[in-house]
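Enquirer: sharing a model that was predicted from the sequence below.
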Amino acid sequence: MKIPFESIDSEWTLFLDRDGVINHQKENGYINFPDEFEFYDGVIEAISICTSHFGRIIVVTNQRGVGKGITTLENLQGIHKKMTATIEEAKGKINAVYLCTDTSDKSPCRKPNTGMAIQAKTAFPEIDFSKSIMIGNSLSDLQFGRNLGTYTVFLRTTNKSPNPKINENADLLLDHLAEFSRLLKS
């Protein structure tokens, strides 16, 4: 499907994965402390631009490191506090952050399952998944969006190799979130 950029307004919702979309993803590990969280270049401004177009921006993030005992929930909350405060300083807004700390892929909340989006819809009943975009850097992010009926955008931040499953599940392939915000502005 072609994303109807010209139709995006305050009725639309933007779902964002976190690691590999907003911030640098730690290779073979987890972001465990706020000082390890590092925004990609241009992301803060990109989210500010998206804030002026979308009614809601929701972060949905699998955080298995908490379930494994590698990261504490307190540290994860500190990471998200730092992330949202920095974005707000730049006139952007994250309306909510939903996370799944479960270790089992069968968890209803773990992407590609839709539990985090259902939680968001409960808190924000105006969410219409047909007027939503999911941006992620993994196949499970794209499948999450497909399971909900959203438009899907794949960012090649951590995976530049062509993958037929990604190509068939993504409505748009981009290199980074700043590129998405430029398309939104044009």
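Expert: Perfect, I can see it now.
Enquirer: ranking helices and strands of this protein by mean pLDDT, which lands last?
Expert: helix 164-169 (a mean of 90; mean pLDDT, DSSP states H and E).
Enquirer: so which elements touch that one?
Expert: With contacts defined as 3 or more Cβ pairs under 8 Å, 6 or more residues apart in numbering; DSSP states H and E, helix 164-169 has these neighbours: helix 139-148, strand 151-155. C-beta here means a position set from N, CA and C on the backbone, and glycine is covered the same way.
Enquirer: average pLDDT across the helix or strand just after that helix?
Expert: Where DSSP states H and E defines the elements, the next helix or strand beyond helix 164-169 is strand 172-174. For strand 172-174, the mean per-residue pLDDT is 96.
Enquirer: list the strands paired with strand 172-174, with their directions.
Expert: Neighbouring strands of strand 172-174 in its sheet, by DSSP bridges, are strand 151-155 (parallel).
Enquirer: now whichever strand or helix holds I87: how far from the chain's centre is it?
Expert: Per DSSP H and E: I87 is located in helix 73-89. Mean-position distance between helix 73-89 and its chain equals 15 Å (Cα atoms, centre = their mean, to the nearest Å).
Enquirer: quick one: list the elements packing against it.
Expert: Judged by 3+ Cβ pairs under 8 Å, 6+ apart, helix 73-89 is in contact with helix 43-51, strand 96-100.
Enquirer: identify each buried residue in it, please.
Expert: Buried residues in helix 73-89, counted by 16 or more other Cβ atoms under 10 Å: 75-76, 79-80, 83-84, 87.
Enquirer: do stretch 102-119 as well
Expert: Using 16+ other Cβ under 10 Å as the burial criterion, the residues of stretch 102-119 that qualify are 102, 107, 109-117, 119.
Enquirer: give me whichever of the helices and strands packed on helix 73-89 is most buried.
Expert: Highest mean neighbour count of the helices and strands packed on helix 73-89: helix 43-51, a mean of 22 (counted as mean count of other Cβ atoms under 10 Å).
Enquirer: quick one: average pLDDT of that one?
Expert: 98.
Enquirer: between it and helix 73-89, how many degrees?
Expert: Interaxial angle of helix 43-51 relative to helix 73-89 (axes from the mean of the first three to the mean of the last three Cα atoms, to 10 degrees): 70 degrees.
Enquirer: roughly how far is helix 43-51 from the heart of the chain?
Expert: So, by Cα atoms, centre = their mean, the centroid of helix 43-51 is 13 Å from its chain's centroid.
Enquirer: how about that helix as CSV, C-alpha atoms only?
Expert: Extracted in CSV, the C-alpha atoms of helix 43-51 (Å, rounded to 0.1, in the frame of the first residue of the first chain):
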residue,chain,number,x,y,z
VAL,A,43,15.5,11.7,15.3
ILE,A,44,14.7,14.4,17.8
GLU,A,45,13.8,16.9,15.1
ALA,A,46,12.0,14.2,13.1
ILE,A,47,9.7,13.4,16.1
SER,A,48,9.1,17.1,16.5
ILE,A,49,8.0,17.3,12.9
CYS,A,50,5.8,14.2,13.3
THR,A,51,4.2,15.7,16.4
